[in-house]
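>>> Need the 3D shape of this:
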Amino acid sequence: MLKTRIPIHHKELSTEGIEMLPFKDLSQGPAMPHRDDHYMFILQQKGRSSWTIDFKQWPLEQVAVCFVAPGQVHQCLLNEHAKCWMLFIEPKLIPMEYRTTIDSFMYNRQVIELKIDHPVFALAEILYDFMQQGEKVFYQSILHAHINALIGQLTAAFVPQSQLYQSRSSHKYQLVTMFKSLIRQQFKEIKQVKYYAEQLHITPLYLNEVSKEITGFIASYWIQNEVLLEAQRSLFYTNMDIKEIAFSLGYEDHTYFSRFFKKNLGCTAGQFRQKNHYLSNYTHE
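Here you go, the predicted model:
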């Protein structure tokens, strides 16, 4: 049965903020579409699996890794003898440099293929063995060192060859990163570029210039993108009517929201839902 809200899993992890499980059978994974308040990394060593992340299907063939960011709706759809590590980790444990890089690949590069001898698999086994030993001298410091090494290798693996020498520490890059983070936190309440610019202590003109230079799109594009993504999640995964969805996204006038949706996606919200009707029902069986 369709739900009126997408389930959100809060504070599921241990007090350490990390959990790791070796899965030989992904049928033990999530049974229903939901979102988490933490990151999930899938380190597949053999077999095949398929996941939906924000209503897009991502297949993992043989040796591959996948990430799901906090807030993304996901579900395991297919498991064919898949063997993998499942790593669940709170955002605060991932260094900002790695986190911003990972987040930059959301929606377009969430699965990559690797070789079986890639360091991430050896590091995953080392981390798991260490965690199984329990508390001991310098446990927290060593744990964080293992996490940093594993997540660092994972993050580096996602960076395409063409971006290896792109600076991710420049002031402009950091501004855009902070801007995108603010959007994810406030897009339902704030949709004006000038308000985000004020929070970043820059002018709207400069925010647009920097956003265009770093991402290829002006600032308003990213605000609209976040709104449209959340709208599509609600249309795909819930049975909320269009007026309810509009209100949940901060629009008092649902007709304005409908015009906004059609202008940007080329179809009405109702047409989007109808087109995805079978998939939406399938994922809730």
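>>> per-residue confidence at the residue nearest the centre of the chain?
The chain has residue 69 as the residue nearest its centroid, 2.6 Å off, counting by C-alpha atoms, centre = their mean. Model confidence at residue 69, given as pLDDT, is 92.
>>> Which residues lie in contact with it in this structure?
With contact taken as C-beta atoms under 8 Å, 6 or more residues apart in numbering, residue 69 is in contact with 39, 102-103, 106. The C-beta positions use only the backbone N, C-alpha and C, and glycine is treated the same way.
>>> redo that, cut-off 10 Å
35-36, 38-40, 53-54, 91, 99, 102-103, 105-107, 110, 184 (C-beta atoms under 10 Å, 6 or more residues apart in numbering).
>>> Likewise for residue 199?
Residue 199 neighbours (C-beta under 10 Å, 6+ apart): 178-179, 182, 186, 190.
>>> Show the backbone phi and psi for it.
Dihedral pair for residue 199: phi -70, psi -30, per degrees, to the nearest 10.
>>> now do residue 97
Dihedral angles for residue 97 - degrees, to the nearest 10 - are phi -60, psi -40.
>>> so it makes contact with residue 104?
No: assessed by C-beta atoms under 10 Å, residue 97 is found out of contact with residue 104, at 11.4 Å.
>>> Any of the contacts of residue 69 buried? List them.
35-36, 38-40, 53-54, 99, 102-103, 105-106, 110 (16 or more other C-beta atoms under 10 Å).
>>> Narrow those residues to those in helices?
With helices taken from DSSP state H, the overlap with those comprises 99, 102-103.
>>> Let's have these in CSV, adding pLDDT.
Listed next are those as CSV, based on pLDDT from 0 to 100:
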residue, pLDDT
99, 87
102, 87
103, 86
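>>> re earlier: more crowded one of residue 97 and residue 104?
residue 104 (20 against 14; other C-beta atoms under 10 Å).
>>> Next, the contact list for the more buried one, please.
158-159, 163, 168, 173, 176-177, 180, 214-215.
>>> Show me how to select, in ChimeraX, the buried members of those.
A single ChimeraX command suffices to select whichever of the contacts of residue 104 are buried according to 16+ other C-beta under 10 Å:
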select :158,159,173,176,177,180,214,215
